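S.K.: task: produce atomic coordinates for the following.
(one chain, ligands or ions: 1)
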Amino acid sequence: MTFKAALYGWTATTLRTLDHHGVRLRYPYRDRIMFENAILPALARDESIQRVLLVGCGWYTHHYPALLGETEVTTIDLDAAKRPFGGDQHIVGNLTALGNHMPRACLDAVLCNGVLGWGLNEHDDVEQAFGACVDCLRPGGLLLLGWNDQPPYNRVAPEDIPAFARLEPVRVPGLDAHRIVALPRNQHCFQAFRKPLSD
Ligand SMILES: C[S@@+](CC[C@H](N)C(=O)[O-])C[C@H]1O[C@@H](n2cnc3c(N)ncnc32)[C@H](O)[C@@H]1O
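M.R.: Prediction:
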């Protein structure tokens, strides 16, 4: 085991122990609060959303599957060391190869925050990754994108990704717009899309 994997494992165990005792370490920023207090609870309340893919893990996301309540959550991260921050069902792998891990049209929602521009950077990879997400969404399924609309993170913007042309804009769950700038200082946006009922 690498030092990084051991450190992340220890961190995840410590965070879970603290959570269990009611001590919740969270980022206090507006964008995180919006995601954790508005978007994820709205998805948890939505009975049409039973199976969710959460893309990208970190110490500050380990509790996200729990925030989704009864929803069946699969997490995915390219970095094997991040496994301890994932959910019970976790894929170590590249989002570009999502189709190797799950069948088409099996997901009600894909939540992809902080991955576009944060490792998923090259145009072809971005297209392959979101193409795979759209394939794995059921008709009517939701794709929630969180991204930073400022350099260098916005080198590939959603409007430049052909896979998004297969989706239609919808309101971000729990909020009142299709696109919200959740934190102006880093232009962190949430944007929501839906796979049409007839593809
Ligand atoms: C900045 S973190 C974002 C974590 C989390 N999704 C969030 O809400 O902030 C980016 C994570 O995405 C992962 N990642 C980057 N490119 C990826 C890809 N192509 N497939 C799967 N995971 C990827 C990285 O390993 C990293 O753990």
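
S.K.: contact residues of this structure facing the ligand?
M.R.: For the chain, the contact set with the ligand under C-beta under 6 Å from any ligand atom comprises 55-58, 61, 76-79, 82, 94-96, 113-115, 118-120, 129. Every C-beta, even on glycine, is put in place using the N, C-alpha and C of the backbone.

S.K.: ok, the nearest residue to residue 56 once chain neighbours are set aside - contacts?
M.R.: Leaving aside its sequence neighbours, residue 56 sits nearest to residue 115 (C-beta to C-beta, 6 or more residues apart in numbering; 4.4 Å). Going by C-beta atoms under 8 Å, 6 or more residues apart in numbering, residue 115 touches 55, 56, 95.

S.K.: with residue 89 instead?
M.R.: With contact set as C-beta under 8 Å, 6+ apart, residue 89 has these partners: 72, 73, 74, 75.

S.K.: distance between the ends of stretch 167-180?
M.R.: 18 Å (C-alpha to C-alpha, to the nearest Å).

S.K.: that older thread, inside helices: which ones of the residues of the chain next to the ligand?
M.R.: The helices, defined by DSSP state H, take in residue 129 from the residues of the chain next to the ligand.

S.K.: sheet partners, orientation included, of the longest strand along the chain?
M.R.: Longest strand in the chain, counting residues (DSSP state E): strand 137-148. Neighbouring strands of strand 137-148 in its sheet, by DSSP bridges, are strand 107-113 (parallel), strand 188-194 (antiparallel).

S.K.: can I have the last one written out in CSV, keeping just the CAs?
M.R.: If I follow you right, that is strand 188-194. Provided in CSV are the C-alpha atoms of strand 188-194 (Å, rounded to 0.1, in the frame of the first residue of the first chain):
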residue,chain,number,x,y,z
HIS,A,188,-18.0,27.2,-9.4
CYS,A,189,-21.2,26.6,-11.3
PHE,A,190,-23.8,23.9,-11.0
GLN,A,191,-25.7,23.0,-14.2
ALA,A,192,-28.3,20.3,-14.7
PHE,A,193,-29.3,18.4,-17.8
ARG,A,194,-31.8,15.6,-18.5
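
S.K.: show residues contacting that strand.
M.R.: Contacts to strand 188-194, defined as C-beta under 8 Å, 6+ apart, come from residues 31, 34-35, 39, 113, 140-149, 158, 164, 167-173, 175, 178-182.
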